[in-house]
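In: Show me how the following folds:
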Amino acid sequence: MRNAPTSSGQALHIAQLIEFFFCLRRVVTCEGLWLNQDMKILLLNDRIPPEGKGGAEAVVWRLAQGLAEAGHELHVATTTDGDACEEIRAGIPTYHLRARYPERFRAWLSLWNPQTVGAFGQLLRRIQPDVVNAHNIHSFLSYHTLKMARDAGCGVVFSAHDAMTFAYGKLPSSFAGGRPEHIGSADIRVPLGYNLRQNRFRYNPFRNRIIKRCLERNSHFRTAPSQALADAFAANDMPPVSVVHNGIDVNEWLSVEDTIVADLRRRLDLEEKQVILIAGRLTAEKGLRQMLAALAVLHQQFPQLRLLLLTSRDLDGQVSQEFAQLRHAICMGGWLNGDELRAAYQLADVVAVPSIYVDPFPTVVLEAMAAGKAVVATGFGGAREAVVDGETGYIVNPFDTDAFAEGLERLLRDSGLRREMGWRGRERVRRCFSLEQQVAKMEAMYDRSIDLAAERAK
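Out: Take a look at the predicted model:
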């Protein structure tokens, strides 16, 4: 068994190896020579859509569908706070293990959760997957599933989507003094005592060391969706990760009927209005206050401008008294999916992603670019790896209200610029962030992890 890599140089070597396998696969698949073409793959994530409404949940489900379309046998294990059940979703077997406990115990039960480990062990013996790819397991499925998968002889890949592996929440932009252009390794390192101060009685002093050891010993490969998150892993002394950017099916985001777009525009009372779209779990970290501050500046120049919020929360929970005068300019679209979600992007003039934390790789950015929309996105985190500043949108510091509003204003005033940036963004997604590319890179990693598991079994 090869030892897990422990340096940034080895991490680079792994990334190059994966890229080699990716390129090799593109050649040999055409000749029918790819050996592990029909793998049995088990994906793990604490929640999946539609119950799970976050970006990571959407990413995992898209990956599952992409892998299934590539000819693999896919299974997805997740959890529910209701009764345990099994379902077939989009032709993919899904297994919902019951798990529910007060969040204050998460720092402990995320390591080993007695509610799920027994059922997961039975599932492993029943499915007998070739490879297990664990994603967000830091709430219910627990990190112990990695050890169980490796002990079962599976290839094991861990895919991080956030900083929860070494932090108890999101990485604040305040670590970098609120200036994304100055972020270095020291700025994304969790300060000594920060986790304790933030969590107090929920703090587990052994948590991070146990997670690090678990990843080193029980995963053959580890991935992050952006270099920003990979750098954060390195800065916080976690095992090296390889960057595999999330992907999206561009064609899926083009196939929206005009009638659906028109019906949604009419229902939301957005006819003859200019629209800025913002989506997701609109917490303070997602930059809602910064968005409203920019809207206050813009609304003086664009009285017909509307901010479309795609969230399941109500308006009262979103807008503070400070911005009460803007309530008439805010449209609550609810939590949309499928054709309605794609239609919402189509009726938008601009998409904004104003996160004020180190946002690893915002799903909204890829969705907007795939829909052919220009994006004004935060400079904190991985958005700058997708958005080319000045070509497919603008990268801004959301704390700089004038700069944020200026980027939005340029696009609102110039429809030709919007179309040009939207087209470039869509083509960039085709070249660099397609679902096919993500699937191929993960296939190469799965294939190598199966080989390493087989070597260990000898």
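In: Tell me which stretches of the stretch 251-400 of the chain form strands.
Out: Assigned by DSSP state E, counting those that start in this stretch, the stretch 251-400 of the chain shows strands spanning 274-279, 305-310, 330-332, 350-353, 375-378, 393-396.
In: Would you mind giving those as a markdown table with mean neighbour count added?
Out: No exception for glycine: its C-beta is placed from N, CA and C like everyone else's. Formatted as a markdown table, the strands of the stretch 251-400 of the chain follow (neighbours: other C-beta atoms under 10 Å):
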| stretch | mean neighbour count |
| --- | --- |
| strand 274-279 | 23 |
| strand 305-310 | 22 |
| strand 330-332 | 17 |
| strand 350-353 | 28 |
| strand 375-378 | 29 |
| strand 393-396 | 26 |
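In: just checking, which of these comes out with the lowest mean pLDDT?
Out: Lowest mean pLDDT within these: strand 330-332, at a mean of 92.
In: Return, as residue ranges, the portions of the protein with sub-threshold pLDDT.
Out: 1-37, 175-187, 317-318 (pLDDT under 70).
In: middle-most residue in it, spatially?
Out: residue 56 (3.8 Å; C-alpha atoms, centre = their mean).
In: residues contacting the nearest residue to residue 323 once chain neighbours are set aside?
Out: Nearest residue to residue 323, sequence neighbours excluded (C-beta to C-beta, 6 or more residues apart in numbering): residue 292, at 4.4 Å. Contacts for residue 292 were tallied using C-beta atoms under 8 Å, 6 or more residues apart in numbering; they are 307, 319, 322-323, 326.
In: Filter those residues down to the buried ones.
Out: 307, 319, 323 (16 or more other C-beta atoms under 10 Å).
In: How far off centre is stretch 160-172?
Out: 12 Å (C-alpha atoms, centre = their mean, to the nearest Å).
In: Residue 336: neighbouring residues, count only.
Out: Neighbour count of residue 336, defined by other C-beta atoms under 10 Å: 17.
In: pretty sure it contacts residue 310?
Out: Yes: judged on C-beta atoms under 8 Å, residue 336 makes contact with residue 310 at a distance of 5.8 Å.
In: shared neighbours of these two, anything?
Out: residue 344.
In: Tell me the one of the buried ones among the contacts of residue 292 nearest residue 362?
Out: residue 307 (17.5 Å; C-beta to C-beta).
In: which ones are touching the closest one?
Out: Here residue 307 is in contact with 275-276, 278, 291-292, 295, 326, 329-331 (criterion: C-beta under 8 Å, 6+ apart).
In: Bridging across strands, which residues link to it?
Out: On the basis of DSSP bridges, residue 307 is bridged to residue 276, residue 330.
In: got a markdown table for the strands of the stretch 251-400 of the chain, with distance to residue 174 too?
Out: Shown next, in a markdown table, are the strands of the stretch 251-400 of the chain (distance: least, C-beta to C-beta, whole Å):
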| stretch | distance to residue 174 |
| --- | --- |
| strand 274-279 | 22 |
| strand 305-310 | 25 |
| strand 330-332 | 27 |
| strand 350-353 | 19 |
| strand 375-378 | 14 |
| strand 393-396 | 17 |
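In: can you give me how far stretch 131-150 is from the chain middle?
Out: The answer for stretch 131-150 is 17 Å, by C-alpha atoms, centre = their mean.
In: Then stretch 262-278?
Out: The answer for stretch 262-278 is 27 Å, by C-alpha atoms, centre = their mean.
In: CA atoms only: put that stretch into CSV for me.
Out: The C-alpha atoms that make up stretch 262-278 are tabulated as CSV, following Å, rounded to 0.1, in the frame of the first residue of the first chain:
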residue,chain,number,x,y,z
ALA,A,262,-42.8,34.2,-20.0
ASP,A,263,-45.1,32.5,-17.5
LEU,A,264,-42.6,32.8,-14.7
ARG,A,265,-41.9,36.5,-15.5
ARG,A,266,-45.7,37.1,-15.4
ARG,A,267,-46.2,35.2,-12.2
LEU,A,268,-43.4,37.1,-10.5
ASP,A,269,-44.6,40.5,-11.9
LEU,A,270,-41.3,41.1,-13.6
GLU,A,271,-42.7,42.1,-17.0
GLU,A,272,-40.8,45.1,-18.5
LYS,A,273,-38.4,45.0,-15.5
GLN,A,274,-34.6,44.7,-15.4
VAL,A,275,-33.7,41.8,-13.1
ILE,A,276,-30.6,41.0,-10.9
LEU,A,277,-30.8,37.4,-9.7
ILE,A,278,-29.2,36.2,-6.5
